[in-house]
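Novice: build me a structure from this.
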Amino acid sequence: MDDSLRLIQSLYGEDVDDPDLARRVSEDEDLRREHERLQQVKDTLDRRSSASPDPEVVDRVVAQAAAAQGAATPPSDREDGAPAPDRPARTPERAWARRLQGAAAALLVVLLVGLGWWQLRPNGAATPGPTAGEAPQQPQSVAADGPSAAADDMPEWNDHDDLVRLHRRVETLRSRSRSDSWGTDLQTVDQVQP
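Specialist: Residues are numbered from 1 along each chain as shown. This next block holds a predicted model:
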């Protein structure tokens, strides 16, 4: 490859296939002058502004483009043959935005009414269970089948650690509340009435 081409590649930051080019430029006087001359030309080209075409050339190009578009579109309605003036820009229709605003307002009203109802409800209204006059009802299947049915009804989500902790708590309460301290025997879990 020519050394001038390698110098141009190095000036423009491209990869050069000769790794010893920098050493050769520093040792060879002719190659160094060539490098300096090419550097000056590159600097001059970099400083020069880009040339713009003559106004006549621009006018001819615009006229040809207008003629090509005029042949593709129907002639204007004006009598003098001049092109119709541009119409003002229209704002895009945003019917979907109006619908979305209406839906958002309706959703907000529903959420506010629901939140108000939830905050203002009485505390005892949602607590199901026996009232003061009613006796608690025990499911008949547990009473009829005995303790084996109660073991089968154990939910699967019970954690062993929670069961151990609950068992320890029950044992602690049993040891603290002995039958002799109350004066009567304790009621077992299986008994419904004392």
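
Novice: got the buried residues for the lengthiest helix in the chain?
Specialist: Taking DSSP state H as the criterion, the chain has its longest helix at helix 95-120. Residues of helix 95-120 include none that count as buried (16 or more other C-beta atoms under 10 Å). C-beta here means a position set from N, CA and C on the backbone, and glycine is covered the same way.

Novice: what of stretch 162-178?
Specialist: Under the neighbour-count criterion of 16+ other C-beta under 10 Å, stretch 162-178 has nothing buried.

Novice: rounded mean pLDDT for that stretch, please.
Specialist: Averaged over stretch 162-178, pLDDT sits at 80.

Novice: re the thing from before, show me what the longest helix of the chain is packed up against.
Specialist: If contacts are counted by 3 or more C-beta pairs under 8 Å, 6 or more residues apart in numbering; DSSP states H and E, helix 95-120 sits against no helix or strand.

Novice: in this structure, which spans are helices?
Specialist: Using DSSP H, helices in the chain cover 3-11, 21-27, 29-47, 55-72, 95-120, 140-145, 147-152, 160-176, 179-182.

Novice: wait, which of those is closest to Ala89?
Specialist: helix 95-120 (18.2 Å; C-beta to C-beta).

Novice: quick one, what contacts the nearest residue in space to Asp18 that is not next to it in sequence?
Specialist: Excluding its sequence neighbours, the residue lying closest to Asp18 (C-beta to C-beta, 6 or more residues apart in numbering) is Arg6, at 5.6 Å. Counting by C-beta atoms under 8 Å, 6 or more residues apart in numbering, Arg6 touches Val16, Asp17, Asp18, Leu21.

Novice: how close does Arg6 get to Arg33?
Specialist: Separation of Arg6 from Arg33 (C-beta to C-beta, to the nearest Å) stands at 15 Å.

Novice: what do you get for His167?
Specialist: 99 Å.

Novice: before we move on, back to that, tell me the pLDDT at the residue nearest to Asp18?
Specialist: Note on Arg6: pLDDT of 87.

Novice: change the start of the numbering to 30 and stick with it
Specialist: Happy to do that; since the first residue is 30 now, the last one works out to Arg35.

Novice: how close does it get to Arg61?
Specialist: Taking C-beta to C-beta, one finds Arg35 at 13 Å from Arg61.

Novice: His196 now?
Specialist: From His196 over to Arg61 the distance is 95 Å, taken as C-beta to C-beta.

Novice: kindly report the same for Ala97.
Specialist: Distance from Ala97 to Arg61, by C-beta to C-beta: 55 Å.
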